[in-house]
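Participant: Could you look at this predicted model? Sequence included:
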Amino acid sequence: MARSRDEHARFARPSKKGSRPRTKQRPEHADAVTGLVTGVDRGRYTLVVADGSVDEHAVVAMKARELTRTRVVVGDRVDVVGDTTGDQGSLARIVRIQDRTSVLRRTADDTDPYERIVVANADQLVVVTALAQPEPRTGMIDRCVVAAYDAGMHVLLCLTKADLAPADDLRALYEPLGVDVVVTRSDDDASVETVRARLLRRTSVLVGHSGVGKSTLINALVPAARRATGVVNDVTGRGRHTSTSAVALRLPVRAEGEEHDGWVIDTPGVRSFGLAHVETGHLLAAFEDLDEVAADCPRGCTHLADAPDCALDPWVDAAPDDDARAARAARLASFRRLLTARTAAA
Ligand SMILES: Nc1nc2c(ncn2[C@@H]2O[C@H](COP(=O)(O)OP(=O)(O)OP(=O)(O)O)[C@@H](O)[C@H]2O)c(=O)[nH]1
Ligand SMILES: [Zn+2]
């Protein structure tokens, strides 16, 4: 591919005199346009530029050479130059990644020993869990909640297949944490609308084990997505893995004049989140009331049930009445479960 003149200029080093450090975030490319990364496939990035305007269009881009070692993920806002028309066969270049407001890290696994950022700039994590087939696993939900709170994201727990089992037990485990809970069933459109209402004006990442009904839910929310739905195996209760890379989908505008808004990011294949970097203090900070009480804990307190003199225990006892005491006890128990989820095996 022939290099344009400006591209040569860009790679020219500044003169030794008065040289400044070369950084990845160069101030050049005043002509760059900003795009939102909606998909990544083998070095090709799909972007939406002029998001929400009449000029909105999709662009395919690759990373400029100076970003070779920099990871660009779905949800990133990037600056692109070159052919940004989006015409058939056109290819633009990503020259900058804008600062991220949040990052969600995936756990290292057998195929990849490194924790990696999987989604940037999302503000809500939607944990999709079936009430049955497959059976809910609280360990997985806890890990998701910890990852989300650590990343400064809201958590929506979406309990699917309500036609198969009641939701009460799971509600009781997560509502004390302040986690928003919605319950759906695929034959009840109104239940899908309760989910949609919580996705508006947000960028939400949906995670869930195979077979929980995540694709069914996404297709109900974004019909154009046509996510492949799997078939649950009668023996294992699990579905097939039908898709592999993360993709951002826009919630459709359904009524004339209605504002779009909301991006839904599907993350097939992401089963767990990296928690090795999560510090107790940072997680605690997500719970204002507990954080305040824990200021009276001995130094280095783990805040776990066996921690000597943890101030969170007398806080439960000091509740003004029985109801408040029960609520505090449930909140503390749920919080302690999260603390241990951090160190439990994925
Ligand atoms: N009973 C019942 N079954 C459902 C419901 N939602 C989805 N299913 C079924 O559950 C199975 C799995 O649904 P999918 O939407 O493919 O699940 P997924 O989480 O996307 O799983 P993968 O496609 O493997 O990633 C399908 O057979 C669906 O028809 C529900 O509310 N109730
Ligand atoms: Zn403590």
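Facilitator: That came in fine, so what should we check first? Ligands and ions are numbered 1, 2, ... in the order given.

Participant: Helices along the stretch 151-300 of the chain, start to end?
Facilitator: In chain order, the stretch 151-300 of the chain shows helices spanning 168-174, 189-199, 214-221, 280-284, 288-294, with DSSP state H, counting those that start in this stretch as the criterion.

Participant: Rebuild those as JSON lines, extending it with distance to ligand 1.
Facilitator: Backbone N, C-alpha and C define where each C-beta goes, glycine included. Converted to JSON lines, the helices of the stretch 151-300 of the chain look like this (distance: least, Cβ to the nearest ligand atom, whole Å):
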{"stretch": "helix 168-174", "distance to ligand 1": "15"}
{"stretch": "helix 189-199", "distance to ligand 1": "8"}
{"stretch": "helix 214-221", "distance to ligand 1": "3"}
{"stretch": "helix 280-284", "distance to ligand 1": "28"}
{"stretch": "helix 288-294", "distance to ligand 1": "33"}
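
Participant: by contact count, what packs against the helix or strand M140 falls within?
Facilitator: When elements are defined using DSSP states H and E, M140 is found to belong to helix 138-150. The criterion is 3 or more Cβ pairs under 8 Å, 6 or more residues apart in numbering; DSSP states H and E, and the helices and strands that helix 138-150 contacts are strand 103-106, strand 124-130, strand 154-160, helix 168-174, helix 280-284, helix 322-343.

Participant: Apply 7 Å and report the result again.
Facilitator: In terms of contacts (3 or more Cβ pairs under 7 Å, 6 or more residues apart in numbering; DSSP states H and E), helix 138-150 is packed against strand 124-130, strand 154-160, helix 280-284, helix 322-343.

Participant: and among these, the most buried is which?
Facilitator: Neighbour counts (mean count of other Cβ atoms under 10 Å) averaged over each of the helices and strands packed on helix 138-150 peak at strand 124-130, with a mean of 25.

Participant: and that strand, how far out from the chain's middle?
Facilitator: Offset of strand 124-130 from its chain centre (Cα atoms, centre = their mean, to the nearest Å): 10 Å.

Participant: Break the chain down into its structural domains.
Facilitator: Following automatic domain parsing, one finds the domains of the chain at 26-97, 103-266, 280-343.

Participant: Where among the ones you listed is average confidence lowest?
Facilitator: Of all the domains of the chain, domain 103-266 carries the lowest average pLDDT, namely a mean of 85.

Participant: now that one: how far from the chain's centre is it?
Facilitator: 10 Å.

Participant: and the end-to-end length of that domain?
Facilitator: Its first and final residues considered, domain 103-266 spans 15 Å by Cα to Cα, to the nearest Å.

Participant: Show the contacting residues for Y149.
Facilitator: Residues touching Y149, when contacts are defined by Cβ atoms under 7 Å, 6 or more residues apart in numbering, comprise L283, A286.

Participant: quick one: F335 and A286 touch, right?
Facilitator: No - shown here, F335 and A286 do not form a contact pair, counting by Cβ atoms under 7 Å, at 9.4 Å.

Participant: any idea which of the helices of the stretch 151-300 of the chain is most buried?
Facilitator: Taking mean count of other Cβ under 10 Å as the contact definition, the stretch among these with the greatest mean neighbour count is helix 214-221, which reaches a mean of 21.

Participant: which strands and helices sit next to it?
Facilitator: Counting contacts by 3+ Cβ pairs under 7 Å, 6+ apart, helix 214-221 is packed against helix 189-199, strand 263-266.

Participant: Ligand 2: which of the ones you listed is closest?
Facilitator: Each of these was scored for nearness to ligand 2 using Cβ to the ion, and the closest is helix 189-199 (32.5 Å).
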